[in-house]
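Asks: build me a model from this:
(one chain, ligands or ions: 2)
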Amino acid sequence: MGLFKNLNFEKLKSGLAKTRNKIINSITETISGKAVLDEKTIEEIEEILISSDIGFETSERIIEKSRELLKNDKNRTSQNIVDIIKKELTTILYKENSNQNNFDKYKPYVILIVGINGVGKTTTVGKLAYNFKKSGLKVIVGAADTFRAAANEQLDIWANRAEVQIVQNKKSSDPSSVVFETINVAIKENYDIVLIDTAGRLHNKAHLMEELNKIKRVIKKLISYAPNDTLLVIDGNTGQNAIMQADEFSKVTDLTGLIITKLDGTAKGGIVFQIYDKLKIPVKYIGVGEGIDDLQSFEPNLFVNAIFEN
Ligand SMILES: Nc1nc2c(ncn2[C@@H]2O[C@H](COP(=O)(O)OP(=O)(O)OP(=O)(O)O)[C@@H](O)[C@H]2O)c(=O)[nH]1
Ligand SMILES: [Mg+2]
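Replies: Ligands and ions are numbered 1, 2, ... in the order given. Take a look at the predicted model:
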């Protein structure tokens, strides 16, 4: 059973165009024509990094590191500083790179998708289902968003597009009962992957957060090792607030990874570095468009290259 890897460098590059423009093009403009970098230029670069949502502390550290390495004038060339920034950003992403899934060890492999309202959970479930199906796996999705009336219909459309099975219970207002049914079908009918879509919930609403734990308990009752993954979906446009969302969800449930969506529409893609640096939770997938094929596996090197390469 193979882990799906959806990687398309050109699509990633075009998806990250706004972020690239914000980070690298600004830096390139600042240093262009300067054979040797003075202190003022380095400070300007620091400001660019901070304003790209990489985060204050992370940016400070990168600049400190740069200063250290650029001690003598011979090294203070424009290309050198770009190389250093690139290397530092890559290192941040590799520090927490536990992007190993054991899809082949667990059957069914259960993935619970959580997050606040409107971040792209349902869309991402559709995209994931499509990718897993395409890589030859038997996929079932559970419509556990019983909160919004149109949620069932929306997931149904995605399940059709991805050509996978869906379990929904239009009469029940209890997400746990839909989850129970989905897992049961998955066990009986030998599914490889179970994807559970949940309702958007604000992290400061205690009863909604508690509901997540109930869903998890129900899953565990049927399959003791599951859920294998609890993935928090974050809208890439969110900026600083993304850190808070991840913090709050972590308090009530063990997150195994993040999915950052809508990176195509934002210049704030630098948030991925801040998230890694502060939260130490790996990013598993990123969304770079609304289409079914617009979810990519997160590969640190590729991500950094897509931002740096013109
Ligand atoms: N541009 C872009 N749009 C996206 C991406 N992912 C999701 N969207 C859009 O974001 C909007 C919300 O997506 P949903 O999947 O409904 O979000 P949700 O988290 O399920 O929303 P609730 O269930 O209401 O909490 C839709 O218009 C999606 O098309 C992405 O990677 N890029
Ligand atoms: Mg939804």
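
Asks: need the contact list for Ile23.
Replies: Ile48, Leu49, Ser52, Ile54, Gly269, Gly270, Ile307 (Cβ atoms under 8 Å, 6 or more residues apart in numbering). Backbone N, C-alpha and C define where each C-beta goes, glycine included.

Asks: and if we set it to 6 Å?
Replies: Ile23 is in contact with Ser52, counting by Cβ atoms under 6 Å, 6 or more residues apart in numbering.

Asks: using the three-state scheme, assign it.
Replies: helix (DSSP: H, G, I helix; E, B strand; the rest coil).

Asks: so Val110 belongs to a strand, correct?
Replies: Yes - assessed with three-state DSSP, Val110 lies in a strand.

Asks: excluding chain neighbours, what is closest to it?
Replies: Leaving out its chain neighbours, the residue that sits closest to Val110 by Cβ to Cβ, 6 or more residues apart in numbering is Ala226, at 3.9 Å.

Asks: one more: Asn237?
Replies: With sequence-adjacent residues excluded and distances taken as Cβ to Cβ, 6+ apart, Asn237 is closest to Thr266, at 4.6 Å.

Asks: how far does the one helix or strand Asn80 maps to sit from the chain's center?
Replies: Taking DSSP states H and E as the criterion, Asn80 maps to helix 78-95. Centroid separation for helix 78-95 versus its chain: 21 Å, with Cα atoms, centre = their mean, to the nearest Å.

Asks: pop out the phi and psi values for the spatially most central residue of the chain.
Replies: Nearest to the geometric centre of the chain sits Ile259, at 2.0 Å (Cα atoms, centre = their mean). Dihedral angles of Ile259 (phi, psi; degrees, to the nearest 10) stand at phi -130, psi 120.

Asks: what's the answer for Thr230, then?
Replies: According to degrees, to the nearest 10, the main-chain angles of Thr230 amount to phi -120, psi 110.

Asks: so what's it up against?
Replies: Leu112, Thr253, Leu255, Thr256.

Asks: mind running it again at 10 Å?
Replies: Contact analysis of Thr230 by Cβ atoms under 10 Å, 6 or more residues apart in numbering lists 110-114, 196, 198, 212, 215-216, 219, 249-250, 253-257.

Asks: returning to that earlier point: look up how far Lys107 lies from the residue nearest to Val110.
Replies: 11 Å (Cβ to Cβ, to the nearest Å).

Asks: cool, thanks, talk later.
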